[in-house]
Every structure is written in C-alpha cells, then in structure tokens.
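coords please:
(one chain, ligands or ions: 1)
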Amino acid sequence: MSKLEKNAYILGTERAELHRLGLQHQVWDSEARAAWKFAEFSAGQTILDLGCGPGFCTMELAYMVGEYGKIIGVDKSKHYIEFLQQNAALHALENIQLKEASFDEMDLSTVSLDGVYDRWALAWVSNPEEIIQKIADAMQSGAVFIAQEYYDWSMFQTTPALPALKKGIAAALQSFMDMDGNINIGRHLPELFAKAGLEVIRIRPMAKLATPDDLTWQWPKSFLNIYLPKLTQYLSPDEVEAALEDLDELEYLNNATILCPQMVEVVAVKG
Ligand SMILES: C[S@@+](CC[C@H](N)C(=O)[O-])C[C@H]1O[C@@H](n2cnc3c(N)ncnc32)[C@H](O)[C@@H]1O
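Residues are numbered from 1 along each chain as shown. Purely as a prediction, here's the structure:
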C-alpha cells in the first residue's frame with residue numbers, strides 16, 4: 001500500500017493510515033453498532049456503506065445482513081477497495097459488492113436501499129447536497145440513513161495545553177478548513193437530510209474525553225503522529241517534532257486529558 005493515488009484521500013492510504021483506521025474503528029465500533037441496532041439493520045437488507053475505506057464496518061455489516069442481504073461499499077481509494085476485496089474473499093463473504101468510485105461517479109440508479117451508513121465520508125466532499133439527494137433517491141420507503149460525522153473539530157484540545165501541540169492541532173484544523181468539503185459537516189446534516197426529503201428521527205452528540213491509560217487516547221495520538229508530518233505547508237519539521245514531543249510528554253503527565261473532536265450522529269428515514 002505505498003503507491004500514490006490520484007486525487008488521494010487527504011490522510012493517505014498507506015499501511016500506517018490503514019492501521020489508524022482499524023484502531024479508530026476499535027474506538028468507535030460501539031457507537032456504530034448502537035446506531036445499526038437503532039436503525040434495525042438486519043438480515044436480508046441491502047445497505048450502502050458510503051466511503052467504506054478498508055471495510056472495518058463493511059465486514060461487520062456483511063455478517064449482519066447475511067447471505068440474502070448485500071452490502072454495497074463505495075470508495076474512491078483503489079488500495080482500500082482491493083484490500084477489502086481480498087479480505088472479503090478470505091472470509092468467504094460473497095454479499096459484499098464493491099465500487100471503486102468517487103461519490104460523484106457512484107451510480108445508484110439500479111439500486112434499492114434499505115439502509116445507508118456514513119462515517120467520516122461526507123466531510124470530504126464539496127457537494128454533499130447532491131450526494132445525499134442521489135442516495136435518498138436510491139432509498140426505498142422506510143429505509144434509514146445513519147451518518148456519524150464531526151460536528152465541531154475545533155473542540156480538539158488537551159489539558160494541560162502544551163504550546164507546540166496546540167499549534168500542531170490548530171494547523172491540522174486549518175488544513176481541513178482549506179480543503180474542499182466541510183470537516184464539520186455533521187452540524188449541517190439535519191438540514192441536508194430534510195432538503196433531500198428525509199425525515200430526521202435522531203440527533204445524538206458523541207463526545208470522547210481520553211485519559212492516557214484509555215484506548216481512546218490512541219485515537220488522537222495516532223491521528224497526530226500520522227497527520228502532522230504531512231502538514232509541510234503549515235508546520236516546519238521542527239514544529240512537527242516539537243508538537244509530537246509535547247504529545248509524548250502529555251501522556252506521562254498525571255491527570256492529563258484529551259477532549260476529542262466533537263462527533264454527532266444524525267439518523268433519517270425515507271417516508
Ligand atoms: C476517514 S475514512 C473512513 C472510512 C470508513 N467509513 C470508516 O469509518 O472506517 C474516509 C474514506 O472516505 C473515502 N472518500 C473520501 N472522499 C471520497 C469521495 N469523494 N468519493 C469516494 N470516497 C471518498 C476515502 O478514500 C476514505 O477511505
């Protein structure tokens with residue numbers, strides 16, 4: 001997983017990011033499962049996993065819908081789609097249908113969906129309204145769309161605040177603000193769902209406050225270790241090094257905490 005991809009996903013698709021997504025899934029899996037239960041995702045259904053990435057959710061959803069159901073995974077990353085294809089074959093999961101495509105190119109015209117799951121996918125697009133409408137059109141009556149996205153990335157902070165780390169976190173936020181898309185798309189989803197003719201049935205904040213001995217700590221830690229060195233337009237190598245040194249120091253301070261970027265879950269149903 002080392003070749004560069006055209007129009008690549010901002011965090012990359014190399015092995016370290018693949019593993020970071022796996023760790024991230026360990027931290028957020030219970031929230032995904034709670035949402036799937038609320039939406040009554042179950043055997044025989046057809047569910048779209050939007051921006052499936054390497055497929056940590058796709059594989060779990062495939063077991064849930066079973067042999068008479070189907071999971072459609074869409075992602076623009078060739079590397080992730082190939083990885084997921086191999087993983088699905090290894091586990092003899094024949095109910096996973098994968099499309100290597102951008103959400104703009106994704107063709108859902110012949111699909112009838114019972115459910116949609118989006119986690120950290122809509123944040124990266126500049127035309128979420130169009131993408132959501134295309135998906136809503138492919139949903140059958142009663143189908144449920146679950147989105148779990150950032151509501152306020154700027155909530156990301158540490159106690160105590162260490163100056164170089166604070167600067168690194170601010171640079172990461174700035175890079176997201178400068179990209180296409182909206183890192184805080186979660187806050188706009190109720191309105192976007194309503195515009196697409198979907199009825200919002202649940203809005204739920206999802207907050208995480210990490211302490212060093214908690215697995216959750218590894219989520220912001222792995223993100224910063226992978227992402228800050230990529231921010232060459234925003235931080236000098238010395239600033240990156242200082243930020244990551246602060247992060248190491250923080251981990252050994254008594255009573256340190258990291259408040260993670262604020263997430264939200266929005267669930268909507270097609271009437
Ligand atoms: C943060 S990852 C999340 C992966 C997965 N949903 C999860 O929760 O583990 C974002 C994924 O969205 C994909 N992605 C981002 N923008 C996309 C677009 N415009 N079209 C298709 N895939 C996109 C990336 O390739 C990446 O795999």
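
can you tell me how far residue 262 sits from residue 191?
Distance, residue 262 to residue 191, using Cβ to Cβ, to the nearest Å: 18 Å. Every C-beta, even on glycine, is put in place using the N, C-alpha and C of the backbone.

neighbour count for the two, which is higher?
residue 262 (19 against 12; other Cβ atoms under 10 Å).

so that one touches residue 157, yeah?
No - Residue 262 lies out of contact with residue 157 (Cβ atoms under 8 Å); the separation is 10.8 Å.

what residues are up against the most centrally placed residue in the chain?
For the chain, residue 120 is the residue whose C-alpha lies nearest the centre (Cα atoms, centre = their mean; 2.4 Å). Residues near residue 120 by Cβ atoms under 8 Å, 6 or more residues apart in numbering: 51, 148, 149, 150.

against which helices or strands is the helix or strand containing the second one packed?
So that's residue 148. Assigned by DSSP states H and E, residue 148 falls within strand 139-152. Packed against strand 139-152 by the contact rule (3 or more Cβ pairs under 8 Å, 6 or more residues apart in numbering; DSSP states H and E) you find helix 15-38, strand 113-119, helix 128-138, helix 189-195, strand 198-206, strand 262-270.

and these, which is most packed in?
The highest mean neighbour count among the helices and strands packed on strand 139-152, using mean count of other Cβ atoms under 10 Å, belongs to strand 113-119: a mean of 25.

if I look at the closest residue to residue 207 other than its chain neighbours, how far off is residue 122?
Excluding its sequence neighbours, the residue lying closest to residue 207 (Cβ to Cβ, 6 or more residues apart in numbering) is residue 262, at 6.0 Å. Distance, residue 262 to residue 122, by Cβ to Cβ: 16 Å.

got it, and residue 28?
Residue 28 sits 16 Å away from residue 122, going by Cβ to Cβ.

how about the residues of the stretch 1-150 of the chain by the ligand?
Applying Cβ under 6 Å from any ligand atom, one finds that the stretch 1-150 of the chain approaches the ligand through 9, 21, 25, 51-53, 56-57, 75-77, 80, 102-103, 119-121, 124-125.

and the pLDDT at the residue nearest to the centre of the chain?
With respect to pLDDT, residue 120 has a value of 97.

list the backbone torsions phi and psi for it.
When quoted as degrees, to the nearest 10, the phi and psi of residue 120 stand at phi 50, psi 40.

for the stretch 151-271 of the chain, give the residue positioned nearest to the ligand.
The nearest approach of the stretch 151-271 of the chain to the ligand comes at residue 181, 7.7 Å away (Cβ to the nearest ligand atom).

where does that residue land in three-state SS?
coil (DSSP: H, G, I helix; E, B strand; the rest coil).
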